[in-house]
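next input, structure requested:
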Amino acid sequence: MVRRLARLRELMTANNLDGMIVTKPENRRYFSGFTGSAGILIIGLQSQKLLTDFRYIEQAKQQSPLYEIVRHGSIPYEILAETIKKLGLTRIGFESDFVTWEAHQKLSDYILDAKLAPVKLDELRMVKDPSELNLLKKAVEIADNAFQAVLKVITPGITEQEIALELEYQMRKLGSEKPAFDTIVASGIRGALPHGRASGKPIAAGDFITMDFGAVYQGYHSDMTRTVVAGKATTKQREIYNIVLTAQLAGINAVRAGKTGKEIDQVARQVIADAGYAEYFGHGLGHGVGLFIHEDPRLSPTGEIKLAEGMVVSVEPGIYLPDWGGIRIEDLVVVSAAGCTILTASSKELIELY
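Below is the predicted model of the structure:
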C-alpha cells in the first residue's frame, strides 16, 4: 500500500497537484484496502484521509490503517470541502473517467478554495504486484475447477441457464465472492452471439457450447472461455475450431513486454483473416484484468499501450457465423520480458462430450 501511495503521489506531482479525490471503487480499494460501498479518499502529498459514513467506520479502521478515518453525515461534500480547506489543498485531482457531470457540479459548488483538475488513475493499476498476482491466480484456479465440474453435468436437454447456474454454484463453493460478470453460455446457432447470455435453450446433440465466465477472489477477477461440442464434432466444426485455436496460440506467442496491444491483436487477427473469416472476428483480442473485469491495456486494433512485465491480459479470439454458431477460446496470461505465462490451466483441445 505504501508503494501504491508513493506512485500516486508521483503522478500528482507530475500533474502539479497537491491533492487527489478518489471515489472509483476499484481505485479506492487499490489505494486504501477499503472494500465498503461508500467512501471518499482525500490524498495529499503528506497525508491521507478516508471519509465514510456510520456504517463503515469500524470496517475502515480495520482495512485502512494508513488512513485517518473521518465520519461524514448525510451530505459528504460538506465534510469533504471542510477537510480540503483544513489541509490547505489548492489544486486537486478528480477521476474524470468516473465522476459524473452532476457529481462534478457538486464538487465545484462545495470546494471553493481549490481548483479541480481531471486525472485518470487506472493506469497505476495496470502492472500487478506479487500479492495481486497471487489473488488473480486463485481466481483463475477457481474458474478452472468449476469448468471441470460442469463438464460432468452437461447432457442433452440441459439448458444454457442450468449450465450457467452450475458454473456459478461451483465457483461459489470454491471460494468465489460472485461471478466476475454475467455468465455467458451460448449453444448451437446462439454461439454466433459473442456475448450471448445464458438462455432457456436446451442443449441439442451436435451443438457447440461456448462458456465465458469468471470468478472473483478477494476483489480480483478471472476470465476464461472454452467452447465444447455436445457429441462428435463435424468436419466444419473441427475446422473452424482449429482456426480459432491457431489464432489464440499465435496471440499468446506474440505477447511480450514492449509490444503494443495493436501489434499483438494483429498477429491473431491475421490468422483468422488468412483463413477467410476476417469479417467474423469483430471484437478485440483481449483486455487487462484485475480489480475490474475489463481494464487497460487493450489488445485491439486501437491498443496503443505498450505491455509491461506484470500486466495480466486475456487472449480471446473468436469466429461467429450467423445461423451456424461460434467459437471463442480465452486464457489469462501474465506478461514478461520473455513472453508470457499462461494462468488458465484447462485444456484447449476440442472437447467432445459424451
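
for the rest of this, base every contact and every neighbour count on C-alpha atoms.
Fine.

is it true that Y280 touches I319?
Yes: here Y280 reaches I319: they are 5.3 Å apart, a contact under Cα atoms under 8 Å.

who's more crowded, these two?
I319 (24 against 16; other Cα atoms under 10 Å).

contacting residues around that one?
Counting by Cα atoms under 8 Å, 6 or more residues apart in numbering, I319 touches 192, 240, 244, 277, 280-281, 326-328.

quick one: which of the residues you listed is nearest F54?
R328 (46.2 Å; Cα to Cα).

burial count for the closest one?
Using other Cα under 10 Å: R328 sits among 27 other residues.

please apply the same query to A117.
16.

where does pLDDT dip in the protein?
Across the chain, nothing is flagged by pLDDT under 70.

now do the helices in it.
Under the criterion DSSP state H, the chain carries helices at the ranges 2-14, 25-32, 57-63, 76-87, 101-110, 130-151, 160-173, 235-254, 261-274.

among these, which is nearest A345?
Of all the helices of the chain, helix 130-151 comes closest under Cα to Cα, at 6.5 Å.

any buried residues in the closest one, and which?
Neighbour-count burial for helix 130-151 flags 132-133, 135-147, 150-151 (criterion: 16 or more other Cα atoms under 10 Å).

if we can go back for a sec, show me the contacts of I319 that map onto strands.
Counting by DSSP state E, the part of those found in strands is 326-328.

using CSV, list the CA coordinates for stretch 40-49.
The C-alpha coordinates for stretch 40-49 follow below in CSV (Å, rounded to 0.1, in the frame of the first residue of the first chain):
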residue,chain,number,x,y,z
ILE,A,40,-14.0,9.1,-0.4
LEU,A,41,-10.2,9.2,-0.3
ILE,A,42,-8.5,12.6,0.1
ILE,A,43,-4.9,12.1,-0.5
GLY,A,44,-2.4,14.9,0.0
LEU,A,45,1.3,14.9,-0.6
GLN,A,46,1.9,14.2,3.1
SER,A,47,-1.4,12.7,4.4
GLN,A,48,-4.3,10.6,3.5
LYS,A,49,-7.9,10.5,4.9
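
what separates it from the chain centre, distance-wise?
Relative to its parent chain, stretch 40-49 has a centroid offset of 27 Å by Cα atoms, centre = their mean, to the nearest Å.

and D323, how many neighbours?
Around D323 there are 11 residues (other Cα under 10 Å).

residues touching it, list them.
189-190, 192 are the contacts of D323 under Cα under 8 Å, 6+ apart.

how about a cut-off of 6 Å?
I189 (Cα atoms under 6 Å, 6 or more residues apart in numbering).

picking up where we left off before, make a markdown table from the helices of the chain and add distance to L50 to it.
Below are the helices of the chain laid out as a markdown table (distance: least, Cα to Cα, whole Å):
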| stretch | distance to L50 |
| --- | --- |
| helix 2-14 | 13 |
| helix 25-32 | 8 |
| helix 57-63 | 8 |
| helix 76-87 | 10 |
| helix 101-110 | 17 |
| helix 130-151 | 22 |
| helix 160-173 | 31 |
| helix 235-254 | 41 |
| helix 261-274 | 36 |
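
so for L291, which of those sits nearest?
helix 25-32 (5.9 Å).

and for the closest one, what's in contact with it?
Contacts for helix 25-32 (Cα under 6 Å, 6+ apart): 22, 35, 64, 291.

gap between the residue nearest the centre of the chain and I252?
The residue lying closest to the centre of the chain (Cα atoms, centre = their mean) is I293, at 1.7 Å. The gap separating I293 from I252 is 19 Å, by Cα to Cα, to the nearest Å.

again, but for V228
Relative to I252, and taking Cα to Cα, V228 is found at 21 Å.

also I342?
8 Å.

same check on C340?
7 Å.

for the two, indicate the residue with more neighbours.
I252 (25 against 22).

count of residues packed around the nearest residue to the more buried one once chain neighbours are set aside?
Excluding the flanking residues, the one nearest I252 by Cα to Cα, 6 or more residues apart in numbering is V315, at 6.6 Å. Neighbours of V315 under the rule other Cα under 10 Å: 30.

what residues does V315 make contact with?
285-286, 330-331.

by neighbours, which of those residues wins?
Result: L285 is most packed of those (other Cα under 10 Å), 29 neighbours.

from G251, how far out is that residue?
In terms of Cα to Cα, L285 sits 8 Å off from G251.

likewise for F281?
14 Å.

of those two, which one has the most company?
G251 (26 against 19).

didn't the more buried one look like it was pressed against Q270?
No: contact criterion Cα atoms under 6 Å: G251 and Q270 do not qualify, at 9.9 Å.

can you check the distance spanned by stretch 47-56, start to finish?
Span of stretch 47-56 from end to end, Cα to Cα: 21 Å.

who's in contact with it?
39-42, 67-72.

what residues sit buried inside that stretch?
48-53, 56.
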